[in-house]
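Enquirer: below: sequence and its predicted model.
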Amino acid sequence: MGNTNSGTSARDADIRVVIVDDDLYVRTSLARLLDRTEGIQVSATFADGLEAVASMAADPPDIALIDISMPVTDGMETTRKLRGAAPSVRILALTSVSTEQAAAGMLEAGAIGFLMKDTPVTAMVHSIRAANAGLSVLSGPATRLISTKRAEPILPDLSEVEVAILGLIAQGLTNADIAPKVFLAASTVKYHISALMMKLDASNRVALAVRATELGLR
């Protein structure tokens, strides 16, 4: 059953996180730990994938942590449905024991990353922040996919910050919107955008957004 409010007041600047896991202990303990972290607000927890999708379609969070193995609607199906209902939500797969095939399935379904449930809270927080900035996060069996997954467009020589900014440009965000997401001043974001235009031979933000799409960033 869903919990539409974790008990904290709305904190507009925080990264809003929803946890979907049929294990009551996991979702409540993880919610408690993450919600104590500065800059992160656990806005809801759910035991059922379909209920979670319906809620997030109406009120999309920034990040959804979705367990792979759930009854009725598993993590892959939940992820596919959520990508269709609320495409702005970035999804991190969550599991205790899994395989490369399960990791690949979640990534194919639309997850931006893959985390083991025993990931230290500090590392999980860093992963959530990275995913919120548009960066992929891999741990556990998912790391072995790097050498085996199908060929993808090769990024030019871009820094992690430039990759994150490029993905946010593709979402239509302004410099002021991008700045807090990458922990930079708006003037610094403007500098990075100018560098991106030179590196990607783009004359304006629209051209940068097109290049981001071509490179698989969003």
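Expert: Looks like it arrived, so ask away.
Enquirer: every contact and neighbour count from this point should use C-alpha atoms.
Expert: OK.
Enquirer: pull out the buried residues from stretch 107-120.
Expert: The neighbour-count check on stretch 107-120 (16 or more other CA atoms under 10 Å) flags 107, 109-117, 119 as buried.
Enquirer: likewise for stretch 70-77?
Expert: The neighbour-count check on stretch 70-77 (16+ other CA under 10 Å) flags 70, 73-77 as buried.
Enquirer: now the strands for the chain?
Expert: Secondary structure of the chain (DSSP state E): strands located at 15-20, 40-46, 63-67, 90-95, 113-116, 137-138.
Enquirer: name every strand pairing with the first one and say which way it goes.
Expert: Sheet neighbours of strand 15-20, with direction, are listed as strand 40-46 (parallel), strand 63-67 (parallel) (DSSP bridges).
Enquirer: pick the most buried one from those.
Expert: Mean neighbour count, computed with mean count of other CA atoms under 10 Å, is highest for strand 63-67 among the strands paired with strand 15-20, reaching a mean of 27.
Enquirer: let me know the average pLDDT across that strand.
Expert: Averaged over strand 63-67, pLDDT sits at 96.
Enquirer: kindly report the same for stretch 104-116.
Expert: Average pLDDT, stretch 104-116: 85.
Enquirer: can you tell me what sits against it?
Expert: By CA atoms under 8 Å, 6 or more residues apart in numbering, the residues outside stretch 104-116 that reach it are 68, 75-77, 79-80, 83, 90-97, 103, 124, 131, 134-140, 142, 145.
Enquirer: okay, now the unreliable bits of the protein?
Expert: For the chain, applying pLDDT under 70 flags the ranges 1-12, 97-100, 140-156, 218.
Enquirer: okay, domains of it per the record?
Expert: Partitioning the chain according to automatic domain parsing yields domains covering residues 15-145, 160-214.
Enquirer: what segments of the protein are helices?
Expert: Under the criterion DSSP state H, the chain contains helices at 24-35, 49-58, 75-85, 100-109, 121-132, 160-170, 175-181, 186-199, 205-214.
Enquirer: Ala13 is nearest to which of those?
Expert: Smallest distance to Ala13 across the helices of the chain (CA to CA): 8.6 Å, for helix 175-181.
Enquirer: tell me the spacing between the nearest residue to Leu94 once chain neighbours are set aside and Arg27.
Expert: In space, and not counting its chain neighbours, Leu94 is closest to Asp67: 4.5 Å by CA to CA, 6 or more residues apart in numbering. Going from Asp67 to Arg27 by CA to CA, to the nearest Å gives 10 Å.
Enquirer: who touches both of the two?
Expert: Listed as contacting both Asp67 and Arg27 by CA under 8 Å, 6+ apart are 20-21.
Enquirer: for the spatially most central residue of the chain, give me its contacts.
Expert: Most central in the chain under CA atoms, centre = their mean is Arg90, positioned 3.2 Å from the mean C-alpha point. Neighbouring residues of Arg90 by CA under 8 Å, 6+ apart: 62-64, 111-112, 131-132, 134.
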